[in-house]
Structure formats: C-alpha cells, structure tokens
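Enquirer: all I have is the shape, not the residue letters:
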C-alpha cells in the first residue's frame with residue numbers, strides 16, 4: 001500500500017505547479033483590470049476638475065466685465081455699434097493659472113436696437129505671467145465659453 005501511494009504521488013507531480021500558475025494568472029488578470037478601471041476613473045475625475053475650473057474662469061470673466069460696465073470703468077473703451085470688438089484678458093482663480101478672454105461687441109439687431117454681446121472664454125490654465133496674457137498652450141488646456149447678450 002505504501003508503494004501504491006508513492007506511485008500516485010509520482011504521477012501527480014506537475015499538478016501543484018499547474019494549479020499555482022492558473023491561480024496566479026487569474027489574480028494577475030483581476031489586478032490588471034482593477035488598475036485599468038482606476039486609471040480611467042482618475043482621468044475622468046481630472047477632466048471634470050479641469051472643465052469646472054475653465055467654466056468658473058469664464059463665469060468670473062463675465063461677472064468681472066458686467067461689474068466693470070455697470071460701474072462705468074470702461075466708457076472710453078466700450079465699443080459703439082459698428083466699432084471693432086474689444087478683447088480683455090484677465091487672470092482668475094486662486095492658483096493664478098486660470099484665465100479668461102473676454103470679447104465685447106455692440107451691434108444692431110433686426111429692429112434697430114443696440115445689442116451688446118459679451119463672450120467670455122475661460123481656460124483652466126494658460127496665464128502668462130511675463131506678458132500678462134492668456135496665451136500659454138498646454139495639452140491639458142480646457143476651454144469653456146459663456147455668451148451673454150443684452
């Protein structure tokens with residue numbers, strides 16, 4: 001009976017190695033899929049954060065321009081109908097990298113009334129400290145726009 005047990009053990013020698021390779025492959029596949037999902041979730045969260053920062057910059061630029069117009073700080077720069085557009089660039093946000101490009105345009109509508117359009121385009125990054133412009137490019141730069149007519 002002892003010889004029979006040794007014979008069965010000798011016949012089953014590679015089974016443990018095969019079983020351990022299969023289990024480790026399964027664990028590795030599950031780990032890689034979890035890592036892939038985590039990476040996609042991180043990229044999605046980063047994209048949402050950048051988009052929100054760009055939208056807040058556009059909103060801040062619009063609010064800034066409406067406040068300036070309301071107070072009358074730009075009467076000499078405020079365009080008359082038919083004049084070219086006015087471009088203003090502002091640094092916004094606490095980190096100081098988000099910025100907005102604001103365009104003001106006045107024109108006549110079909111009924112002959114003056115229509116003022118403020119186009120505020122916000123960016124999550126791109127403020128050039130040296131030139132005081134919103135002109136730096138980046139692969140992660142996101143633009144959001146708000147257009148306001150009155």
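Expert: Yep, that arrived. Given the structure is predicted, the values throughout are model-derived calculations rather than measurements.
Enquirer: from here on, just use CA atoms for contacts and neighbour counts.
Expert: Noted.
Enquirer: what segments of the protein are strands?
Expert: Using DSSP state E, the strands of the chain run over 86-92, 98-108, 114-123, 143-149.
Enquirer: and the ones you listed: which comes nearest residue 130?
Expert: Closest to residue 130 of those, according to Cα to Cα: strand 86-92, at 12.2 Å.
Enquirer: residues touching the closest one, excluding its own?
Expert: 57, 60-61, 77-79, 97-105, 127, 133-134 (Cα atoms under 8 Å, 6 or more residues apart in numbering).
Enquirer: at 10 Å what do you get?
Expert: With contact meaning Cα atoms under 10 Å, 6 or more residues apart in numbering, strand 86-92 is reached by 53-54, 56-58, 60-61, 64-65, 77-79, 97-106, 118-129, 132-135.
Enquirer: list the buried residues in it.
Expert: By 16 or more other Cα atoms under 10 Å, the buried positions in strand 86-92 come out as 89, 90, 91, 92.
Enquirer: so which residue is dead centre in this protein?
Expert: residue 50 (2.7 Å; Cα atoms, centre = their mean).
Enquirer: mean pLDDT lowest for which of the strands of the chain?
Expert: Ranked by mean pLDDT, those bottom out at strand 86-92, which scores a mean of 72.
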